[in-house]
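*Asks:* Got a predicted structure here, sequence first:
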Amino acid sequence: MDGKIILVANTPKERVLSGIQPTHESFHLGNYLGAIKQWVDLQNTNDAFYCVVDLHALTVETKPEDFKRRNLASVAQLIALGLDPEKCTLFIQSHVPAHNQLGWVLECMTGFGEASRMTQFKDKSQKAGSDRTVVGLFTYPILQAADILLYQANKVPVGEDQRQHIELTRDLGQRFNSRFGETFTIPEGYILKAGAKINDLQDPTSKMSKSSSSGAGVIELMDAPEINTKKIKSAVTDTGRDVTFDEKEKPGISNLLTIYSALTGKDISQSQADFEGKGYGDFKGAVAEVVVEYLRPVREKANELLKDEAHLNSLLKIGAEKAEAVASQTLKNVYDRMGLIPRG
Ligand code: ATP
Ligand code: LTN
């Protein structure tokens, strides 16, 4: 060394947190474009925490062997899609008990009316009927608030449908801070316009969702290329012949253009220009090709990772330890400020 001092700029990175439910064997294209794609981008420039929210998924009755497999399949897909456990903290929610603990505290600060206004709860409980709706579905957004506030997150990358849950999280964080003193960072939703809502290919005015459709209009990341090609080629299109973006008049074509544009990185007008003078058939064929080729390596990598469960478990252990270190500190502050006596 020649004795020079090198100064390194040390601006703290912003904290990011998000979660996804392991409710199915495969994520769908809406999950990827609405949320996971942003997770991958944000891990490079932020201190990012991502969790597979298995406790939230308990609101849907599932056989234990399916539940276990879906959790591991979720982790494998997240890594295959680009999450790097060296760059972000990837963990399973139930491995960090502070989520339930803070969840209870926040439940004690949430009004019954306030929770009753959550539209996702209203939709899901209306569909199931009150006798088949579990109480966990009602308190679900409060556990989600705990997930976020525990990590002092600044940004929460999610799809448009989660906006109301982020608002509730902000309200609860602010309520706690004003009653007990500054404890939580108040987060912002990170909801990108492009991809925030991918629609069902068979019903292009409703969001692509596994739980509310037959599946014919849902592109599953882990499905074989032939299945996805067929689904895209049978997508509902609109009257007219031109491939133009018009969400009102041409929801089907606009949805496919959104998907094409998000996966190719071209903006909507460039994407439209690719199909000038071409018909719907050519267009759907091209979208199918882009989707299938994008997903091919993802599916292969996820299947490869699933062959070595011990490796996945060791990555999750490291993630849980990193998450626990942050979460337990927040929980300790919360208990102290509320006057709970620490165990001697
Ligand atoms: P459900 O089948 O209950 O509707 P889901 O498919 O919405 O579930 P979640 O685990 O609830 O799956 O969502 C995971 C993430 O994917 C969330 O951030 C959500 O906003 C986003 N997301 C889900 N569906 C879409 C969609 N069609 N378009 C864009 N983002 C979506
Ligand atoms: N409700 C969310 C899943 C979720 C979540 C979170 C998202 C649970 N905890 C914390 C962001 C941050 C959903 O996507 N359906």
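*Replies:* Perfect, I can see it now. Ligands and ions are numbered 1, 2, ... in the order given.
*Asks:* and the residue in the stretch 101-250 of the chain that ligand 1 sits nearest to, what does it touch?
*Replies:* As assessed by C-beta to the nearest ligand atom, ligand 1 sits closest to residue 159 within the stretch 101-250 of the chain, at 2.4 Å. Placement of C-beta: from N, CA and C, glycine included. Contact partners of residue 159, counting by C-beta atoms under 8 Å, 6 or more residues apart in numbering, are 30-31, 34-35, 191, 195-197, 207.
*Asks:* For it, give its distance to ligand 2.
*Replies:* The spacing between residue 159 and ligand 2, counted by C-beta to the nearest ligand atom, to the nearest Å, is 7 Å.
*Asks:* So, low pLDDT: which residues of the stretch 1-150 of the chain?
*Replies:* Scanning the stretch 1-150 of the chain with the threshold set as pLDDT under 70 gives 1-10.
*Asks:* so the residue in the chain that ligand 2 sits nearest to bridges to which residues?
*Replies:* Residue nearest to ligand 2 within the chain (C-beta to the nearest ligand atom): residue 19, separated by 3.2 Å. Note on residue 19: beta-bridge partners by DSSP bridges are residue 51.
*Asks:* Numbering from 584 from now on, please.
*Replies:* Okay, using 584 as the starting number, the last item reads as residue 602.
*Asks:* ok, how many other residues are close to residue 768?
*Replies:* Residue 768 has 17 neighbouring residues, counting by other C-beta atoms under 10 Å.
*Asks:* can you check residue 795 too?
*Replies:* Using other C-beta under 10 Å, residue 795 has 14 other residues around it.
*Asks:* repeat for the one 3 residues further on
*Replies:* Neighbouring residues of residue 798 were enumerated by other C-beta under 10 Å; the total is 13.
*Asks:* Now do the strands in the stretch 684-833 of the chain.
*Replies:* Per DSSP state E, counting those that start in this stretch, the stretch 684-833 of the chain carries strands over the ranges 738-740, 771-773.
*Asks:* Comparing these, which comes out most buried?
*Replies:* Among those, ranked by average contacts under mean count of other C-beta atoms under 10 Å, first place goes to strand 738-740 (a mean of 23).
*Asks:* tell me what it is packed against?
*Replies:* Helices and strands touching strand 738-740, by 3 or more C-beta pairs under 8 Å, 6 or more residues apart in numbering; DSSP states H and E, are strand 598-603, helix 620-625, strand 771-773.
*Asks:* need the contact list for the residue lying closest to residue 752 once chain neighbours are set aside.
*Replies:* Nearest residue to residue 752, sequence neighbours excluded (C-beta to C-beta, 6 or more residues apart in numbering): residue 728, at 4.0 Å. Shown in contact with residue 728 (C-beta under 8 Å, 6+ apart): 686, 689, 748, 751-752, 755-756.
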